[in-house]
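Build me a structure from this.
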Amino acid sequence: MSIQLSEDEIYQKAKKRVEEKKGFYAHLAVYLVINILIVIIWLVTSLGYFAWFIFPVGGWGVVVILHCLFVFVFNKDARWEKKAVEKEAAKIKKMGQG
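Just a heads-up that it's a prediction; the model follows:
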């Protein structure tokens, strides 16, 4: 079963995708700025000692990578949403026939 989307629905879905991408790029920018500051703090205060900055940089880096994957690679939300709409449409058609 295939459902045709109206121009407005297509626009809304595209807008949602753009917002997701925009959110990722904002997250990435904040990550880079804050972690550059963290490394600078380490250089100024602790150079030669334990490189403690790897923990926040690495931990937050994993989160940024996951965010990237969910926005650009997996995007299961769109597939799940499409399946859910098709399922509901089938139920409505079935109720209308019975």
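
From now on I want contacts and neighbour counts done on CA atoms only, so please keep to that.
Fine.

Low-confidence stretches in the protein?
1-3, 76-79, 98 (pLDDT under 70).

tell me, what residue is most central in it?
The centre of the chain sits closest to Val71, judged by CA atoms, centre = their mean, with a distance of 3.6 Å.

other SSEs contacting the longest helix that the chain contains?
For the chain, the longest helix by residue count, based on DSSP state H, is helix 7-46. The helices and strands touching helix 7-46, judged by 3 or more CA pairs under 8 Å, 6 or more residues apart in numbering; DSSP states H and E, are helix 54-68.

now the helix it packs on, how far from the chain's geometric center?
13 Å (CA atoms, centre = their mean, to the nearest Å).

now do stretch 28-40
Distance, centroid of stretch 28-40 to centroid of chain: 19 Å (CA atoms, centre = their mean).

Format the CA atom coordinates belonging to it as PDB.
Taking Å, rounded to 0.1, in the frame of the first residue of the first chain, the C-alpha atoms of stretch 28-40 are listed here in PDB:
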ATOM      1  CA  LEU A  28      28.600  20.100  16.500                       C
ATOM      2  CA  ALA A  29      29.500  23.800  16.600                       C
ATOM      3  CA  VAL A  30      28.900  23.900  20.400                       C
ATOM      4  CA  TYR A  31      30.900  20.700  20.800                       C
ATOM      5  CA  LEU A  32      33.900  22.100  18.900                       C
ATOM      6  CA  VAL A  33      33.900  25.500  20.700                       C
ATOM      7  CA  ILE A  34      33.600  24.100  24.200                       C
ATOM      8  CA  ASN A  35      36.100  21.300  23.600                       C
ATOM      9  CA  ILE A  36      38.600  23.700  22.100                       C
ATOM     10  CA  LEU A  37      38.300  25.700  25.300                       C
ATOM     11  CA  ILE A  38      38.700  22.600  27.400                       C
ATOM     12  CA  VAL A  39      41.900  21.700  25.600                       C
ATOM     13  CA  ILE A  40      43.200  25.300  26.000                       C
END
